[in-house]
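[1] A structural model of the following input is requested.
(one chain, ligands or ions: 1)
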Amino acid sequence: MPHPAISFDDTTRLLVLTGAGISAESGLATFRGAGGLWEGSRVEDVATPEAFEANPERVLRFYAARRLGAGAAHPNAAHLALAEAEARLGDRFLLATQNVDGLHARAGSRHTLEIHGSLWRSRCSRCHAGPVEDRSTEIAHPLRACATCGSLMRPDIVWFGEMLDPAHEWAVRSFVKAADMARARLVFLAIGTSGNVYPAAGYVRYAKDLGAETWLANADEAANAHWFDHIVTGPATGVVPALLSASGPEARGVR
Ligand code: BV8
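    Purely as a prediction, here's the structure:
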């Protein structure tokens, strides 16, 4: 059975939230579920500021290993479909990703909110100098000192218990509010996320409360599934290009 397509008109706005599942077919592990990252490492040991304080080398090795994997991965058809939808919709499109792998940018997405940060940047754990680009995959000796104050550098990643960048939160909420004020049709599409991690898992409710039509494209159930009007179950590379196929003529050939 063919996957459904979201209908678009000239005023439809699209807010997309992606999670680890969109990168699964690029070969990157998700967090929860069989073979997930949290099976190999406990969140408390590698993805909290306390973990970094207690054992920075273990945390830095975890992220160096993820850079190795992400560096060898390539964007897939779902990443590419989102980049093409952005090119077609322009400022009627906004992508917020929980992923830190950088695959959306490599697929051509230009205006992506990396709400949980990026594997490819590090910042000082004390003086907040940076962030600086970090492509190090050095597992054996992962410690790096800040060039400004000499303290340890840490991944530019939002760990559990840390606030997201207020500018990102503002951008998501403003996009939804602007659609509501303009009485424009807003579609909220979540892709490859289990809906467990807040505040990202709450964006669908915020959008729905302001009138959005909500879609979930996921391989299986999500914890916040009850907020979605439409649930399309399947692999992102099969589902997402079909869902976005009516978002407009090919960007390259737009008349
Ligand atoms: C914060 C680091 C203030 C980067 C991550 C209520 C409100 C606010 C906060 C909280 C709250 N309740 C609890 C909290 C605290 C906490 C939280 O949400 N805890 C959860 C576990 C209950 N939130 C925070 O701490 C946030 N900070 O709000 O600060 C505060 C602080 C304390 C207390 C109150 C307020 C910070 C959250 C960010 C944490 N950092 N990662 C990294 O290492 O990557 S989160 C981590 O989970 C990743 O970023 C990941 O992206 C994210 C979400 O996971 P998913 O992407 O959904 O991945 P998952 O594996 O779970 O699911 C993948 C899905 O894909 C599956 O459903 C699967 O079926 C599907 N799939 C698989 N293959 C495919 C597929 N789908 C399609 N195609 C396929 N091929």
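
[2] I figured Leu95 hits Ser109, correct?
    Yes - Leu95 lies in contact with Ser109 (C-beta atoms under 8 Å); the separation is 5.8 Å. For glycine as for every other residue, the C-beta is placed from the backbone atoms N, C-alpha and C.

[3] anything in contact with each of those two?
    82, 86 (C-beta atoms under 8 Å, 6 or more residues apart in numbering).

[4] biggest strand in the chain by residues?
    Among the segments of the chain that qualify as a strand by DSSP state E, the longest is strand 117-124.

[5] Parallel or antiparallel, list what pairs with that one.
    strand 132-133 (antiparallel), strand 153-157 (antiparallel) (DSSP bridges).

[6] Can you say which of those is nearest to the ligand?
    strand 153-157 (4.6 Å; C-beta to the nearest ligand atom).

[7] tell me which residues of that closest one are tucked away?
    153-157 (16 or more other C-beta atoms under 10 Å).

[8] How about it and the ligand, touching?
    Yes - counting by C-beta under 6 Å from any ligand atom, the ligand is contacted by strand 153-157 at Ile157.

[9] Can you pull the residues of the stretch 51-200 of the chain lying near the ligand?
    Residues of the stretch 51-200 of the chain lying near the ligand (C-beta under 6 Å from any ligand atom): 98-100, 116, 157-163, 192-194, 196-199.

[10] I figured Leu60 hits Ala140, correct?
    No - using C-beta under 8 Å as the test, Leu60 is too far from Ala140 to be in contact (10.8 Å).

[11] And these two? Which one has more around it.
    Neighbours per residue (other C-beta atoms under 10 Å) separate Leu60 from Ala140, with Leu60 holding more: 24 against 7.

[12] Apart from its neighbours in sequence, what residue is nearest that one?
    Pro142 (3.5 Å; C-beta to C-beta, 6 or more residues apart in numbering).

[13] Pop out the phi and psi values for that neighbour.
    phi -80, psi -10 (degrees, to the nearest 10).

[14] Name the residues of stretch 151-170 that are buried.
    152-159, 164, 168-169.

[15] actually stretch 69-78, not the one I typed
    Those would be 69-70, 73, 75-78, for stretch 69-78 by 16+ other C-beta under 10 Å.

[16] got it, and stretch 128-146?
    130-131, 134, 137, 142, 144, 146.

[17] quick one on the thing from earlier: what mean pLDDT does the longest strand of the chain get?
    For strand 117-124, mean pLDDT is 97.

[18] which residues sit against that strand?
    Residues contacting strand 117-124 (C-beta under 8 Å, 6+ apart): 63, 66-67, 70, 100-102, 129-135, 144, 146, 148-149, 151-158.

[19] make it 7 Å
    63, 66-67, 70, 100-102, 129-135, 146, 148-149, 151, 153-158 (C-beta atoms under 7 Å, 6 or more residues apart in numbering).

[20] List the ones among the residues you listed that fall in helices.
    63, 66-67, 70 (DSSP state H).

[21] which residues sit in contact with the residue nearest to Asp9 when sequence neighbours are not counted?
    In this structure, Asp9 finds its nearest non-sequential neighbour in Arg185, 6.9 Å apart by C-beta to C-beta, 6+ apart. Remark: with contacts taken as C-beta under 7 Å, 6+ apart, Arg185 is in contact with 9, 11-12.

[22] Could you do Met181 as well?
    So Met181 contacts nothing (C-beta under 7 Å, 6+ apart).

[23] before we move on, back to that, so how do I select the buried members of the contacts of Arg185 in PyMOL?
    In PyMOL, a selection of the buried entries from the contacts of Arg185 looks like this (16+ other C-beta under 10 Å):
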select buried, resi 12
